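Undergrad: Attaching a predicted model along with its sequence, questions to come.
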Amino acid sequence: MECVFGIDIGGTNIKIGKFYGDELAESRRIKTDKSDVGANILGDVARVVREMRGGDEIAGIGIGVPGPVVGGVVLGAQNLGWKEFNVEEELGKFFPGVVIRVLNDANAAAVGEWAYGSGAGFSSFILMTLGTGIGGGLIVDNELVEGASGSTGEIGHIRVGYHNDRLCTCGLYDCIEQYASATGVVITANRLRVGRETILNEIEVTAKNIFDHAKLGDEVCLEVVNHMVEKLASALAAITNTVNPEVIVLGGGVSKAGKFLLDRVEKRFRELAFFSVRNTKFALAEMGNAAGMYGCAYEARKKICKLKDSALN
Ligand SMILES: [Zn+2]
């Protein structure tokens, strides 16, 4: 049979899925080997893909990498040790004749969530993933928007403060990532808990603990959540005024706080957004860690169809 692979390369793990059409037939997870500036990564991927292939023909491979991508070239992926690197060409050397589609990992997750998760049925959609950092992706008119320098989904680096207070990993200050990610809420909590009566002075300060105890009524935890919601809703209002999507989906580890977080973000968003975008829908992501694999396979199939169409015309 004909199959397509969806591969999600992360800083810790690589997830490899084999698909027949929309169906995930088999998936594997391997450790990301970051030694020698990530020189072994594509070789490791190729070995596992060949094992998983069995007797099937590989029609296409979609691969998500943690960095901005333009025309199959990643402009840099610090998490892997990669500088500018032509992933399409290098992976193609292992699989001559196979269609290869390279995309940013957060964009891939957005496609997966849009095609198979809580974005299904909408033609325009934004995913914001709240994890250790913040990433995202944008779909307009049923197409992934990647941008002139592959940076459409870099919504974690929207500036939401004006005092150069929190230095971001990107080198800029006061990016929303430093306020509304798991890392960001911990920074806020460690500032607000000083000299106050709060459970946070007795337990480990983690995003999960902050949200769990905010739900139980700890005042400092609630303040931390409100502070995060204010930044998040402001950024989402700005994005929505520009893009005007049908639905905003929140994903990533922090979104496990669930409706408690979603309802607060939605309420504040409605107060801050321009009147004509106030009814934008909100939802929680459904695909979890598999979204990237699904999105990569989907985009690989889409590229195969486009190439067939253009060959016919
Ligand atoms: Zn930043």
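TA: Perfect, thanks for sending it.
Undergrad: And the strands in this protein, which stretches?
TA: 2-9, 13-20, 23-31, 57-65, 69-70, 73-74, 85-86, 99-104, 125-130, 134-140, 143-144, 247-251, 281-284 (DSSP state E).
Undergrad: what's the distance between residue 288 and residue 117?
TA: 9 Å (Cβ to Cβ, to the nearest Å). Where C-beta positions appear, they are placed from N, C-alpha and C, glycine not excepted.
Undergrad: Of the two, give the one with the bigger neighbour count.
TA: Set side by side, residue 288 and residue 117 show more neighbours around residue 117, with 24 against 14, by other Cβ atoms under 10 Å.
Undergrad: Is that one in contact with residue 287, as I believe?
TA: Yes - the criterion here is Cβ atoms under 8 Å, and residue 117 meets it with residue 287 at 4.0 Å.
Undergrad: Enumerate the residues of the protein near the ion.
TA: By the rule Cβ under 5 Å from the ion, the part of the chain lying against the ion is 157, 168, 170, 172, 175.
Undergrad: List the residues that contact the fourth one.
TA: What that stands for is residue 172. Applying Cβ atoms under 8 Å, 6 or more residues apart in numbering to residue 172 gives the contacts 157, 159.
Undergrad: hmm, 10 Å instead?
TA: 157, 159, 164, 166, 178 (Cβ atoms under 10 Å, 6 or more residues apart in numbering).
Undergrad: do the same with the second one
TA: Neighbour list for residue 168: 133, 156, 157, 159, 174, 175, 176, 177, 178, 179, 183, 184 [criterion: Cβ under 10 Å, 6+ apart].
Undergrad: cutoff 7 Å now
TA: Shown in contact with residue 168 (Cβ atoms under 7 Å, 6 or more residues apart in numbering): 157, 175, 177, 178.
Undergrad: Relative to residue 45, how far out is residue 16?
TA: Distance from residue 16 to residue 45, counting by Cβ to Cβ: 7 Å.
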